[in-house]
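Engineer: could you work out the structure for the sequence below:
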Amino acid sequence: MLTQRELAQFDGTDQKKPIYIAVKGEIFDVSRGSAYYAKGGAYGFFSGKDASRAYTTGCFQTHLTHDLRGLSPQQLEVRSGLVKCGPLSLLPSQHLIQPRTLTAAPISE
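Structural biologist: Here you go, the predicted structure:
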């Protein structure tokens, strides 16, 4: 299990560490796809964070957060377990420890 702060250390900037992304609290090792997930890659904005909202909505500019409040039931149908994210099918390798209290500001659509 990792905290969000710990997860941020796996964003692809240190080539000696794996690259992790998280979706709905599940952490995925995307190191195999480092060409896509490293800094500057097509999906690099996901690396080192739980960007569940962006993954769910497809808005990669303002939705890079774990906060799913306000999404429709259809949007929340992000599959746990096996996730299609970019060029890879991923199985979760660990879980993210989410803060117990969310203090996020409202997210504009």
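
Engineer: I'd guessed residue 7 sits against residue 50; true?
Structural biologist: Yes - Residue 7 is within contact range of residue 50, at 6.9 Å (criterion: Cβ atoms under 8 Å). From N, CA and C alone the C-beta is placed, and that goes for glycine too.

Engineer: the two: who's more crowded?
Structural biologist: residue 50 (25 against 20; other Cβ atoms under 10 Å).

Engineer: can you show me the strands along the chain?
Structural biologist: Assigned by DSSP state E, the strands in the chain fall at 2-3, 20-23, 26-29, 83-85, 88-90, 94-97.

Engineer: what's in contact with the longest helix along the chain?
Structural biologist: For the chain, the helix that runs over the most residues, judged by DSSP state H, is helix 52-57. Applying Cβ atoms under 8 Å, 6 or more residues apart in numbering, the contact partners of helix 52-57 are 22-25, 45-46, 59-60, 63-68, 71, 75-76, 78, 83, 85, 107.

Engineer: let's go with 7 Å and repeat that
Structural biologist: 23-24, 60, 63-68, 71, 75-76, 78, 85, 107 (Cβ atoms under 7 Å, 6 or more residues apart in numbering).

Engineer: highest neighbour count among these?
Structural biologist: Neighbour max across the contacts of helix 52-57 (other Cβ under 10 Å) = residue 23, 24 neighbours.

Engineer: how far away is the residue lying farthest from the centre of the chain from residue 9?
Structural biologist: Most distant residue from the mean C-alpha position of the chain: residue 16, 20.1 Å away (Cα atoms, centre = their mean). For residue 16, the distance to residue 9 (Cβ to Cβ, to the nearest Å) stands at 11 Å.

Engineer: residue 10 against residue 46, yeah?
Structural biologist: No - Residue 10 is not in contact with residue 46 according to Cβ atoms under 7 Å; the separation is 11.3 Å.
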